[in-house]
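Participant: sequence and predicted structure, then a few things I'm wondering about:
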Amino acid sequence: MKSFETTGKSASRKLTSRPIRAALAVKIAFAIMAANVTLSNCEITANRNGVLVFSIGTGNSIAIHGCNLTNNTETAVRNSATGQFVDAEGNWWGSVAGPSATNPNAVQNADGTNWLLAPVVLQY
């Protein structure tokens, strides 16, 4: 199985219709290279980097909500884009104490506050 990737220049993209599971043991599970992407209802676990957002221009947003982002060894969510907001609130990070309790680098250049206190129950 390969990593998931979304690319493009316009229109919103939502990856929400069915639970998405990325337990691939890869360098990057999700590489987002598109504007206005929403990722929800997912489990991204046991990778080097869970979600990596690449530069796609300023003023665009990425939203990651309702996901289990656990056991990713380097980062769970990393925003490498300049001038781009990544909202990673409302996710389960593997601890009731939030993302930095299990990995101090779990969230980089993104908002991972207001985390969930229990894992999201996904119907596979």
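Facilitator: In hand now; what should we look at?
Participant: could you say what helices and strands the host helix or strand of Ala76 packs with?
Facilitator: Assessed by DSSP states H and E, Ala76 sits inside strand 75-79. The helices and strands touching strand 75-79, judged by 3 or more CB pairs under 8 Å, 6 or more residues apart in numbering; DSSP states H and E, are strand 49-53, strand 61-70, strand 107-108. Where you see a C-beta, it was placed from the backbone N, CA and C, and this is true even at glycine.
Participant: let's see 10 Å
Facilitator: strand 28-33, strand 37-45, strand 49-53, strand 61-70, strand 85-87, helix 99-102, strand 107-108 (3 or more CB pairs under 10 Å, 6 or more residues apart in numbering; DSSP states H and E).
Participant: as CSV, these with mean pLDDT, mean neighbour count and distance to Arg78 would be great.
Facilitator: Output for the helices and strands packed on strand 75-79, formatted as CSV (pLDDT from 0 to 100; neighbours: other CB atoms under 10 Å; distance: least, CB to CB, whole Å):
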stretch, mean pLDDT, mean neighbour count, distance to Arg78
strand 28-33, 84, 22, 9
strand 37-45, 88, 21, 12
strand 49-53, 91, 27, 5
strand 61-70, 91, 22, 11
strand 85-87, 90, 19, 9
helix 99-102, 86, 17, 12
strand 107-108, 92, 22, 4
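Participant: right, and the ones you listed - which one's nearest Val120?
Facilitator: strand 61-70 (5.3 Å; CB to CB).
Participant: who are the packing partners of the closest one?
Facilitator: Counting by 3+ CB pairs under 10 Å, 6+ apart, strand 61-70 packs on strand 13-15, strand 20-22, strand 28-33, strand 37-45, strand 49-53, strand 75-79, strand 85-87, helix 99-102.
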